[in-house]
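A.B. asks: A predicted structure for the sequence below; I have some questions about it.
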Amino acid sequence: MRLRETRPASFWPLAIFFALFVLFMYGPMFVIFILSFQGPEGGLTFPMRGVSLHWFAKLAEGLGVVDIGAALWRSLGLGVAVMLCTVVLSVLAGLAFRKRLAGGNTLFFIVVASLIMPSIIVSLGIGLEFRLFDNGIKAVVEWLGMESALEGYGTSLGLFTSALGAHLTWTLPFGLLIMFAVFNRFNPAYEEAARDLGATPWQGFAHVVLPLIAPSVVGIGMFGFTLSWDEIARTSQAIGDVNTLPLELQGLTSTVTTPSIYALGTVTTVVSFAVMGITLALVWALGRRRKGRSG
Amino acid sequence: MSTTSTPSLPAAAVPGRSIAAWWQAAPFTLVFALFFIIPLALIVMVSFWDFNEYELLPGFTFKNYVSIFAGCGDASEGLCVTLKTYYSTLKFSVLVWLITLVIGFTVAYFLAFHVRSSGMQTLLFVLCTIPFWTSNVIRMISWVPLLGRNGLVNQTLMGMNLVETPIEWLLFSDFSVVLAFVHLYTMFMIVPIFNSMMRIDRSLIEAASDSGASGWQTLWNVIVPLSRTGIIIGSIFVLTIVMGDFVTIGVMGGQQIASVGKIIQVQTSYLQFPLAAANAVILLAVVLMIIWGLTRLVDIRKEL
């Protein structure tokens, strides 16, 4: 097929189909980016009435009762925590799966099940778990007769307990699948050489394996952060009194009728793309360093 | 995500270290035990509990399931609420599945077999996956300026004098829900199908054309069967996502269209956890049946 010089007759219809698909994917998003720069008189639709940063300023002041800044910081914090946990746990599990792991097939099945489980079910389950846990704690404390200890206790549902766990059930499967892809193409000869030269397992990992898999590990971190940053369904029932940015955004869609909401969309998208850009730069730099070393 | 593998990776690489391996996998396993297995078990348990306005009452009752299917046995009344909801959710799933399958297959086919240089192939593939990294809600509301009453589509149609009054069914309708789903999740079809297609031995296609197969015959008898794994994986993703969705249907349906996920969400917001749990168990059963049916068609673990 590759040898043939002329393109098959089906090329152009398919190319046009592809172009239309790309337009379909990107068109609407560009529309809201443009509209977020409406002038103060502008509305939710075209035509543009002037160009300004007015709606970004409005966004910074807060939308109604919602403190966007606080939600943004919460989402960033959670995203970073999810990223770190995803990287560490996926790499460890990836290493474990290279060896003979009793029950490895069962674990793999559970991970795949988590990936395709409707998010609302996982979310509901985690919410229930933490509520029952709360009830248990309250019962125990009452039984011990220490009611005063309960005064400060609201719920164990929270950003870094239930919400973190909920996000990990979504990011870890991606992390593990990437690790499988990495170790599938990994040549164990380097490790054996290190071992033959007297390296301890830790030295072998830190000086040989980790530098070799570093670009993929950075990629796992990016997956972890961006999946958490945009996550709604798994967070929805598994978070306590506060909301993450996407949850606030979902709530705002029905109440906010100014281009401020497009400005918020532009801001969150810029964060996603910044994370991707930083990741790609890091992967590129790591690759270059490796090439430089090997001569 | 170019290649994935079975969990039994090079087991011989470091033999006899299964204890160390378990310590390495333990934190990972613990997360899934705490936040996946136990929650699922609790859902099943609580679905048999009773409740009042203030608290959950441990016990064993079929009350929740009975109340979900109340009136469903009576054929003269038409469909009961639960069956109507499942019907509407399934309708969306099948529609979205068919559309994403056709688009996903065509796009993957173009990328895999018509784009010649591998650099261009990677570039175009990445182009398709970038939108996946922006927030789903942003991508949903990005349809508002296009489909709204005074949106671009209506402005254009009225400008061309094709319609006299704005079309109302473009936004907050079944149409906008399906459109948003296709916009959001076609990527889940493209990636696995493209992945399968890239692993097809190109000489098989040449052999087919040398044997006199037409383009369509090659497509149907060689490429489709060999991309089956990707098609099934993509289908499982799209079907399970749409079955459990409440966010897209909520936002794009103007909070007017019912879905199973939405019912669960509403019931939890009224603290009717046992009812929500019973609904979740039923949803889970339906989703598992769909997946079971799909995996009858292909042994995914064998072909990963």
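C.D. replies: Arrived safely, thanks for sending.

A.B. asks: Which residues lie in contact with residue B:183 in this structure?
C.D. replies: A:24, A:25, A:28, B:139, B:143 (C-beta atoms under 8 Å, 6 or more residues apart in numbering or on different chains). For the C-beta atoms, the positions are set from N, CA and C on the backbone; glycine is no exception.

A.B. asks: can you tell me which two in those residues are farthest apart?
C.D. replies: Based on C-beta to C-beta, the longest span within the contacts of residue B:183 runs between A:25 and B:143 and measures 12.3 Å.

A.B. asks: neighbour count winner among these two?
C.D. replies: Using other C-beta atoms under 10 Å in any protein chain shown as the criterion, residue A:25 and residue B:143 rank with residue B:143 on top: 24 against 20.

A.B. asks: Could you list the low-pLDDT ranges of the stretch 151-295 of chain A?
C.D. replies: Within the stretch 151-295 of chain A, the set of residues satisfying pLDDT under 70 comprises A:151-152, A:293-295.

A.B. asks: Return the residues of it in contact with chain B.
C.D. replies: Proximity of the stretch 151-295 of chain A to chain B, by C-beta under 8 Å from any C-beta of the partner chain, involves residues A:165-166, A:168-169, A:172, A:176-178, A:180-181, A:183-185, A:188, A:191, A:226, A:229-230, A:232-233, A:236-237, A:246, A:249-250, A:253-254, A:261-262, A:265, A:268-269, A:272-273, A:276.

A.B. asks: What subset of the residues you listed is buried?
C.D. replies: Using 16 or more other C-beta atoms under 10 Å in any protein chain shown as the burial test, those include A:165-166, A:168-169, A:172, A:176-178, A:180-181, A:183, A:191, A:226, A:229-230, A:232-233, A:236-237, A:246, A:249-250, A:253, A:261-262, A:265, A:268-269, A:272 as buried.

A.B. asks: And the residue positioned nearest the centre of chain B, which helix or strand is it part of?
C.D. replies: Nearest residue to the geometric centre of chain B (C-alpha atoms, centre = their mean): residue B:238, 2.3 Å. Per DSSP states H and E, residue B:238 falls inside helix B:228-244.

A.B. asks: May I see the buried residues of that helix?
C.D. replies: Buried, per 16+ other C-beta under 10 Å, within helix B:228-244: B:229-244.

A.B. asks: Find out how far it is from the centre of the chain, if you would.
C.D. replies: With C-alpha atoms, centre = their mean, to the nearest Å as the basis, helix B:228-244 stands 5 Å off its chain's centre.

A.B. asks: which helices and strands does that helix pack with?
C.D. replies: Counting contacts by 3 or more C-beta pairs under 8 Å, 6 or more residues apart in numbering or on different chains; DSSP states H and E, helix B:228-244 packs against helix A:104-116, helix A:119-144, helix B:81-109, helix B:174-198, helix B:260-269, helix B:273-297, helix B:300-303.

A.B. asks: right, and those - which one's nearest residue B:125?
C.D. replies: Nearest of these to residue B:125, taken as C-beta to C-beta: helix B:174-198 at 6.5 Å.

A.B. asks: For the helix or strand following the closest one, output the C-alpha coordinates as CSV.
C.D. replies: Downstream of helix B:174-198, the next assigned helix or strand under DSSP H and E is helix B:202-210. Written as CSV, here are the backbone C-alpha positions of helix B:202-210 (Å, rounded to 0.1, in the frame of the first residue of the first chain):
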residue,chain,number,x,y,z
ARG,B,202,0.1,-4.5,6.0
SER,B,203,0.9,-7.5,3.8
LEU,B,204,-2.5,-9.0,4.6
ILE,B,205,-4.1,-6.1,2.8
GLU,B,206,-1.8,-6.4,-0.2
ALA,B,207,-2.6,-10.2,-0.2
ALA,B,208,-6.3,-9.4,-0.2
SER,B,209,-6.0,-6.9,-3.1
ASP,B,210,-3.7,-9.3,-5.0
